[in-house]
Structures are given as C-alpha cells and as structure tokens.
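A.B. asks: Turn this into a structure:
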Amino acid sequence: TSSGNYPNSLFGQQMSSIAQIIKGNCGLEIAAVDYRGWDHHALEGGASGQMAKMLQDLSDSLYGFVADIDSQMQKTLILVMSEFGRTIRENGNNGTDHGHGGFMLAISDLIEGNKIYGKWTGLEPSALYEGRDLPVHVDFRLIFAEVLFKMYGFDAFKSSFFPEYLPKSKFLNFMNK
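C.D. replies: Purely as a prediction, here's the structure:
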C-alpha cells in the first residue's frame, strides 16, 4: 500500500505503483515513466498556466514518491530529464519553441546534493546557441553512463551501449557511490 501523498494524476499514480513494487522487494532495478504533454508552443502561461500546473504535478508526485519509499532512497536514484530544451524567448503564441540545452534533475541519497552540475554560461545573446537557446554543455548519455557504472558496475563506453558516442568530458561525479 502507498504511504505517500500523491496527486490524483496519471503521473502520481505511476509513481505510486513504482513505489509499491520497490517496497515489495520484487527485484526492480530500473523503471521509466513518460510524462507527456510538455511541448508547449502556445499558451504556456505564468504562475497559473499549463506549464506551472504540470511542474506542480511533477514536483508533488516526486515528493510523494520520495516520502513513500523513504529508507529505500539510499539505493534508489530518480533521474528526470527533458528530451529537448526550449527557446529562451517567448514566441508569438505565448509559448516557446524547441531548443537545444535541456536539464536533468537527480534525486537520491546517493547524490552529492544541493549542487548544480555542468556549466552555466548565462543568457546573454553571445552565450546562446544560435542566439536563441541554451547550448548543450553535458550530453545526457554521460549522465546515464555514470549512473550505470556507479550503480551497476557497467561500463557503457567499453560496451558501446551508446553507439558512436564518445564522451567529451569525464563523469560529473555527482554520485556519492
């Protein structure tokens, strides 16, 4: 049974189900959830718009999950990522268009927390990719490779897990492990 306080949303229900499997010690090692609907080219809104509502649901669901599995967080890692970034400036439809640099969020007792990893170059036009969006400073595959190596001892680069990808930098060392 769930002991977390999840929002009444599809994502909240999915996170609750994963928590139940973890607490049931069924041997779950990796799970993935797709939260669709972030492609807001129009009407993103401000503090009460569709983007804010989705971010609140994401936040509340993750909070409920962490509270629900509590002591399991010492061996559980949550990675949240966007498949693409968004432009810095609003378009003519009160939304944003596809961009390059996105973000990742990591939650766990295994994390060297309260830090931002990667590189911040600012929002000046000269710092933006093609003058319109954040550049990619850290490839998501580097983060996944670090997690696979530190949690499972699996070397993603030696095994060509990410075909034709060669890292341009070393691990960020964001994990305590």
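A.B. asks: which regions of the chain sit below the pLDDT cut-off?
C.D. replies: Within the chain, the ranges that satisfy pLDDT under 70 run 1-2, 177.
A.B. asks: can you map out the helices along it?
C.D. replies: 10-23, 50-69, 140-152 (DSSP state H).
A.B. asks: I'd like these as a markdown table, with mean neighbour count appended.
C.D. replies: Any C-beta I mention is one placed from the backbone N, CA and C, and that applies to glycine too. Converted to a markdown table, the helices of the chain look like this (neighbours: other C-beta atoms under 10 Å):
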| stretch | mean neighbour count |
| --- | --- |
| helix 10-23 | 18 |
| helix 50-69 | 17 |
| helix 140-152 | 18 |
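A.B. asks: got those helices as TSV, with distance to residue 115 columns?
C.D. replies: As requested, these are exported to TSV (distance: least, C-beta to C-beta, whole Å):
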stretch	distance to residue 115
helix 10-23	24
helix 50-69	18
helix 140-152	14
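A.B. asks: Among those, which comes closest to residue 113?
C.D. replies: Nearest of these to residue 113, taken as C-beta to C-beta: helix 50-69 at 12.2 Å.
A.B. asks: now the angle from that closest one to helix 10-23?
C.D. replies: With axes from the mean of the first three to the mean of the last three C-alpha atoms, to 10 degrees applied, the angle from helix 50-69 to helix 10-23 works out at 20 degrees.
A.B. asks: got a list of contacts for helix 50-69?
C.D. replies: 2-7, 9, 11-12, 15-16, 18-19, 22-23, 35, 37-38, 40, 43-46, 73, 76, 78, 80, 107 (C-beta atoms under 8 Å, 6 or more residues apart in numbering).
A.B. asks: Identify the residue nearest the residue nearest the centre of the chain in space, chain neighbours excluded?
C.D. replies: Residue closest to the average C-alpha location in the chain (C-alpha atoms, centre = their mean): residue 80, at 1.7 Å. Nearest non-adjacent residue to residue 80, counting by C-beta to C-beta, 6 or more residues apart in numbering: residue 105, 4.1 Å away.
A.B. asks: quick one: the residue nearest to the centre of the chain and residue 104 touch, right?
C.D. replies: Yes - Residue 80 lies in contact with residue 104 (C-beta atoms under 8 Å); the separation is 6.7 Å.
A.B. asks: Now for these two: what residues contact both?
C.D. replies: Counting by C-beta under 8 Å, 6+ apart, residue 80 and residue 104 have no shared contacts at all.
A.B. asks: just the strands in this protein please.
C.D. replies: Using DSSP state E, the strands of the chain run over 78-81, 85-86, 98-99, 104-107.
A.B. asks: Output the contacting helices and strands for the first one.
C.D. replies: Going back to what we said before, that points to strand 78-81. Applying 3 or more C-beta pairs under 8 Å, 6 or more residues apart in numbering; DSSP states H and E, one finds that strand 78-81 makes contact with helix 50-69, strand 104-107, helix 140-152.
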